[in-house]
Structure formats: structure tokens, C-alpha cells
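> Attaching a predicted model along with its sequence, questions to come.
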Amino acid sequence: MTLLVISPDYASHLLPLATLATRWRDSGERVVVATGPSTAGIVADFGLERIDLTLGRGSNPGVIRAEEQPHDEGASLRGFFAATRVGMVPTLRYQAQERLTDLMWDPVGRGRRVLDIVDQVRPDAILVDHLAFSARMALQSAGVPYGDVVLGHPSALPVPGEVYGYPPFWPRAFTPDRAELAELRALCDRVAAGFTEEWNRAARELNADAAAVDDAFATHGGTHGGTVLYNYPAELAETEGRMLPPHAFLGSTRRDEAVAPDILDWIARDEPYVYVSFGSFLSVRDDVLARVAEALRRVGVRAAIATGATPAEALGDVPDGWLVRPHLPQVRLLADAAAAVNHGGNNSVTEALGIGVPILILPFSTDQFAGAATVERARVGVALDPNVASVAQLTEALSALLTPGEGAAEIDRALLLRIAEGQAARPGPVVAYDALAGSRSLTSARIASGSPAAER
């Protein structure tokens, strides 16, 4: 048996996908990862094969910096970072305007490359990042089923009545103007229409008989013989009331990590600590990290802070006993953390909840707002606006996470425990393996029996 994994050249996307693939790898099956050169080291660390596939103009081996990207991508990143400092709606508006170049880059060329890889590898099953739109468009145009991995809040795959890029709900701390929201919705509708037109045009060029889709953002592998796999806890989705397509919930994709001995020694000290990370993109927000650090000093708790693009000196005086480095083994540190602070990214949220760790979420963009609202509603964390939350408010929120019954936000510790126990009993890689079991022979059979991919 052979599994093909298709991922953008971004560590935050490849890490969960490669983790899912470990179930195949550990069963002695062949795993081939199609991704770009920046994440080649991650593929090697997992002991998997790699085949070259570039799906976008940018890349991210772990921490993204605008000056290390191609000119156009660097300019786009600077614009995004600037928008996050203004607020929720400006950020979402900026992302919507950038969407065509972000998500549908060279669709025909990338699509042909994907189909060439399928011909070459002849996989029995395929896992694809949902945001790899050019790859999914090619597979769907060729009639090749795949596991559609949604690495984000489930609203990253819109359901009827929703449009991509417009949060179906948001945390209480955000009160955007209704007129601004109406303008954002109209913009997202226009972008979705243009994006769909581009999808259909590229699909027809790859296969003249390809069926047109009504909304390229809402199309998914499950409508084409595959499976939708949400990297999200089922317990949270149950509180949202959204009608999802046929799917499986992975819960999270926590991976094994190499951990330096000094970090293991730090973890082993008999003192609680809070783990802080804003991911590979938003660690650039040094102003917010500095306020979080001051709140942690006021609470008087140890901290492990992954600074990413922020220099350590931006945090102010670092107390003795804190662990502050550009990169930290997130999954291992979360395993013993008393609480976590993050930006609402999918990996950060699901890895924390999958171990039963309450979260303070400071969302900046995309699906982070909807995810933060659900965490808040389920009472497994607290959400604040990163641009306006004061040190005092951050201190209060951290105290609520660390002390049962403290503050206005009472954490549902029983729910956290249920989430963690469920994922321990049936981890994400096992769920994915079982969900794709029925499609393994189908992929090879579809290619062998005369799909457009086989005829090229």
C-alpha cells in the first residue's frame, strides 16, 4: 500500500499531515510526501519519502519572515502584518483581497504537476491539505478521490449560508461595526465568485469534461468519492450547530518531538508553567507578546515562550526560571503545561485541548475568530482582542485559567478531560487511517481504468 500526502511548503501545514501519515508508516506501508524544498527536513525527520511539489509563491520552514520571501510574497506578508495591527475587519478584508494569489497560484501548471505525481507514485490513498486548492482542483477534475484534511476551524470549509473568509461567529471581545461587516461579506462573496470562475476555468483546461462547481471554497473531497477529515475536536463542533458534510473528526495531530535534555529538565521542575506561542506567522506581533509577558510576570508563574520572529529583548526583563527561545517543542511542553496562550491557530488550539490544557486565545485573522468563539462558548478557554486587551485584562484571564473558580470565566475542566481522554483512546492518525481504508484500492483503480491522469 502507498499513501501520497500533498502539502503546501509550510511547516504548520506539513507537520499535522506528516503526523497523520505515521499511522501508515508504522504499519510498514510506503508514504510519499509531495511538498516544496523548504520543508524537506521535516519530511526527512519523519522518515518519509519526498517528491518535489511547489504549490505557492511563498514558503515557511518554521518561522516566516517577509524579507526571506519572494518580493511579491514579502510585500503581501507586510501588508497582512500591518492589517492585524488595525483590527479584525481590516485583516479579514486584506486577506480576502489577496486570496486569488494566495490560494490559486498557477492552477493549471500546479494541477498538471499533481497529476504527474499521481501517475508516478500510483497511490492507494491520498491525503491533501484542504488549502492546497490547485492540487484538489486537479484531483477532482481527474476523478481521483482523496482525504480532504481541513486544518483549521471547520468553517474553513463553508456550509450553505456561509462564505469563505467571513467568520460565522466571533468572540464577545470583538464588536465590529455592522456596516463594516456587510461590506466584508459583500467582498467575500465577490472573491468567492472570482475564485470559483478561476477554479472552473483551470479544471476545464485539465479535463474538458470536468464538472463545474458552484463554490470552489465549499467543494471538498467528500463529494468526489473521498472523505473530509476535520482536524478539530468533535466536542467543540457539537456546540456550534453547523450542518457539516460527511466527515470524521481527527481531534488533533499531536506528534512525537525530539526534546533537548535541558528542556526536559526545565519541564521536570515541580512548578506550574504557561506555554506561549503565536505560531510561525503571528510571532511577529512583538507588542502583544510583550503584554502577555508582563501579565505572566504579574501572575507570578513560570513561562515557556516561543518567540519566533520576535527578539527576546522585546519581552522586557525575563525572570529567572523562564524558558524563552525562538523555537520550542510545542507538543511536549503542552503535555505538562498548566495553561496555554496562543493566536487561535489550528495546531496550537487542537494540540492544547487534546492534552486537556485550557487556552487564552488572542485571535488575529481568518478562522481564528470562529475557533476562539467556540473555545469561549465551550468554556475550555478565554478569548480577548489582542490589539486592545490590557495587561490587567490578560492577567485576569490567565488567573482564570490557572485557578479553578477564579474570575468571570469558569473553565469546564470536565470537558477538557473528556476531550483529552477521547483523543488518547483514538488519536488522529488512527481516525484518518480508518477513514481512508475504504478508498485505498479506489484511487489506484480509478487511475488504472482510464482517468484523465492516466491518459496524460
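Done, it's in.

> So for the helix ranked longest in the chain, what gets flagged as buried?
Longest helix in the chain by number of residues (criterion: DSSP state H): helix 178-206. Residues of helix 178-206 classed as buried by neighbour count (16 or more other Cβ atoms under 10 Å): 181, 184, 187-188, 191-192, 195-196, 198-200, 202-203, 206. Quick note: C-beta positions are derived from backbone N, CA and C, even for glycine.

> okay, these in a markdown table with pLDDT and distance to residue 8 next?
Shown next, in a markdown table, are the buried residues of helix 178-206 (pLDDT from 0 to 100; distance: Cβ to Cβ, whole Å):
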| residue | pLDDT | distance to residue 8 |
| --- | --- | --- |
| 181 | 95 | 29 |
| 184 | 96 | 25 |
| 187 | 95 | 24 |
| 188 | 96 | 22 |
| 191 | 94 | 19 |
| 192 | 95 | 20 |
| 195 | 94 | 17 |
| 196 | 95 | 20 |
| 198 | 94 | 18 |
| 199 | 96 | 17 |
| 200 | 96 | 22 |
| 202 | 96 | 17 |
| 203 | 97 | 20 |
| 206 | 97 | 19 |
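
> Show me which of the residues you listed is closest to residue 153.
residue 188 (15.5 Å; Cβ to Cβ).

> and the next element down the chain from the longest helix of the chain?
Later in the chain than helix 178-206, the nearest helix or strand by DSSP states H and E is strand 227-230.

> Okay, now the sheet partners of that next one, with direction.
Next to strand 227-230 in the sheet, as set by DSSP bridges, lie strand 147-150 (parallel), strand 247-249 (parallel).

> What is the longest helix of the chain packed up against?
Where contact means 3 or more Cβ pairs under 8 Å, 6 or more residues apart in numbering; DSSP states H and E, helix 178-206 is packed against helix 88-97, helix 99-103, helix 107-121, helix 133-142.

> 6 Å - rerun?
With contacts taken as 3 or more Cβ pairs under 6 Å, 6 or more residues apart in numbering; DSSP states H and E, helix 178-206 sits against helix 88-97, helix 107-121, helix 133-142.

> Those: which one's closest to residue 422?
Nearest of the helices and strands packed on helix 178-206 (Cβ to Cβ): helix 133-142, 28.8 Å.

> just how off-centre is that closest one within its chain?
In terms of Cα atoms, centre = their mean, to the nearest Å, the centre of helix 133-142 is found 20 Å from the chain centre.

> what's that helix packed up against?
helix 107-121, helix 178-206.

> Can you list the low-confidence ranges for the stretch 1-150 of the chain?
57-74, 100-103 (pLDDT under 70).

> give me phi/psi at residue 40?
phi -60, psi -40 (degrees, to the nearest 10).

> if I pick it, what's in contact with it?
residue 50 (Cβ atoms under 6 Å, 6 or more residues apart in numbering).

> rewinding a little: tell me the most buried of the strands paired with strand 227-230?
strand 147-150 (a mean of 26; mean count of other Cβ atoms under 10 Å).

> any residues touching that one, and which ones?
Outside strand 147-150, the residues that reach it (Cβ under 6 Å, 6+ apart) are 127, 129-130, 156-157, 220-221, 226-230, 436.

> Sort out which one of those residues lies nearest residue 14 for me.
Taking Cβ to Cβ as the measure, residue 14 sits nearest to residue 129 out of the contacts of strand 147-150, at 8.3 Å.

> Report how many residues lie close to that closest one.
24 (other Cβ atoms under 10 Å).

> Over to residue 262?
Counted with other Cβ under 10 Å, residue 262 comes out at 9.

> do the same with residue 123
Residues near residue 123, counting by other Cβ under 10 Å, number 25.

> my read is it is in a strand, agree?
No - under DSSP: H, G, I helix; E, B strand; the rest coil, residue 123 sits outside any strand and is assigned coil.

> Need the three-state assignment for the closest residue to it other than its chain neighbours.
In space, and not counting its chain neighbours, residue 123 is closest to residue 4: 3.7 Å by Cβ to Cβ, 6 or more residues apart in numbering. Using three-state DSSP, the structure places residue 4 in strand.

> Wait, residue 141 touches residue 206, no?
Yes - the criterion here is Cβ atoms under 6 Å, and residue 141 meets it with residue 206 at 4.5 Å.

> sorry, back to before: how about the strands paired with strand 227-230 in a markdown table, adding distance to residue 177?
Shown next, in a markdown table, are those (distance: least, Cβ to Cβ, whole Å):
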| stretch | distance to residue 177 |
| --- | --- |
| strand 147-150 | 30 |
| strand 247-249 | 34 |
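
> In this protein, mark out all the strands, start to finish.
Taking DSSP state E, the strands of the chain run over residues 2-6, 30-35, 49-52, 125-129, 147-150, 227-230, 247-249, 273-277, 302-306, 323-325, 339-342, 359-361, 381-383.

> wait, which of the helices and strands packed on helix 178-206 is closest to residue 320?
That would be helix 88-97 among those, by Cβ to Cβ, at 36.7 Å.

> just the angle between that closest one and helix 178-206, please?
Helix 88-97 runs at 20 degrees relative to helix 178-206, counting by axes from the mean of the first three to the mean of the last three Cα atoms, to 10 degrees.

> burial count for the closest residue to residue 362 other than its chain neighbours?
Spatial nearest neighbour of residue 362, excluding adjacent residues (Cβ to Cβ, 6+ apart): residue 386 at 3.8 Å. Using other Cβ under 10 Å, residue 386 has 27 neighbouring residues.

> With residue 304 instead?
The number of residues near residue 304, taken as other Cβ under 10 Å, comes to 24.

> Repeat that for residue 43.
Residue 43, neighbours per other Cβ under 10 Å, totals 22.

> Test my guess that it contacts residue 49.
No - the pair residue 43 / residue 49 is not scored as a contact, 7.7 Å apart, by Cβ under 6 Å.

> How about the contacts made by residue 377?
Contacts for residue 377 (Cβ under 6 Å, 6+ apart) come out as residue 239.

> do you know which of the helices and strands packed on helix 133-142 lies nearest residue 97?
helix 178-206 (7.3 Å).

> Not counting its own residues, what contacts stretch 46-55?
So stretch 46-55 is in contact with 8, 18, 31-36, 40, 43, 110, 117, 132, going by Cβ under 6 Å, 6+ apart.

> Which members of those residues define the maximum pairwise distance?
31 and 110 (21.3 Å).

> who has more neighbours, these two?
It is residue 31, of residue 31 and residue 110, that has more neighbours when counted by other Cβ under 10 Å, with 27 against 21.
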